[in-house]
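> Generate coordinates for the sequence data below:
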Amino acid sequence: MSRIGRMPIAIPAGVEVKLDANTVTVKGPKGTLTQTLHQDMIIEKEENVLHVKRPTESKEHKSLHGLTRTLLANMVEGVTKGFSKELEVNGVGYRVAKQGKTLVMNLGFSHQVKYDEPAGITIDAPAPNKIVVSGADKQLVGQIAAEIREKRPPEPYKGKGIKYVDEVIRRKEGKAGKGKK
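Take a look at the predicted model:
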C-alpha cells in the first residue's frame, strides 16, 4: 500500500466536496476548485473523510494512488488556508509596485515590465523589493510565481534579479586575473 495514498483526507467544517464520477469539486471559504482525476482511481466519501483506493497492484495504479490523494489534499487545503509564494527582488534600482490589478516592475530594462493578475490569484507588493503570490490553487500559484521570476532570473555574479525567498543563489567569483599582467 502507498503510505501517502492510504492516508484519509479530513474535510474541515465549511468545506463542501462533490464527487461526480472522477470529477471532484471542492468548495470552501477561499474559493472553488474543480479537477478531473484519473478514471481508474476509486474516490470514496464517508461523512467528513475522503479515501482514495486503487483497483489493482499494477505499477501505474501504485503511482497514481499517492498522486490522486495528494491532489485532493491540496484542493481541500487550498480552499481552507490557501497557498502563497514569496519572491524577493535584488538589485540597485530594481523595485516593484502594484497599480490596480497590474504588477509593475522596474528590473533594469529600458522599460517597465508589467504583469496582469490572473483570475483566482492575488499578487501583492508589500515592499518595493517583495512580491507575494497567493491563491487557492497550488499549481497555479507556483506557475505564476515562476513566470514572474522568469522576467529577471537571479544572476550568479552579483545576485541581481528576482528569486524565491528561500532560494539560495550559488555565487561565482569574478575575473580571477584582475589587476595582474
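
> what's the longest helix in this protein?
In the chain, assigned by DSSP state H, the helix with the most residues is helix 59-80.

> Distance of Glu117 relative to Lys172?
35 Å (C-beta to C-beta, to the nearest Å). Using the backbone N, CA and C atoms, a C-beta is placed for each residue, glycine as well.

> Between these two, which is the more surrounded one?
For Glu117 versus Lys172, the count of surrounding residues by other C-beta atoms under 10 Å is larger for Glu117: 17 against 9.

> so what's that one closest to, chain neighbours aside?
Distances taken as C-beta to C-beta, 6 or more residues apart in numbering put Lys101 closest to Glu117, at 4.4 Å, once the chain neighbours are dropped.

> One more: Leu50?
Ile9 (4.1 Å).

> In contact with that neighbour, which residues?
Contact analysis of Ile9 by C-beta atoms under 8 Å, 6 or more residues apart in numbering lists 49-52, 69, 72-73, 76.

> and which of these is nearest Pro126?
Val76 (27.6 Å; C-beta to C-beta).

> I figured that closest one hits Val15, correct?
Yes: using C-beta atoms under 8 Å, Val76 is in contact with Val15, at 6.2 Å.

> anything in contact with each of those two?
Contacts common to Val76 and Val15, judged by C-beta under 8 Å, 6+ apart, are 26, 28.
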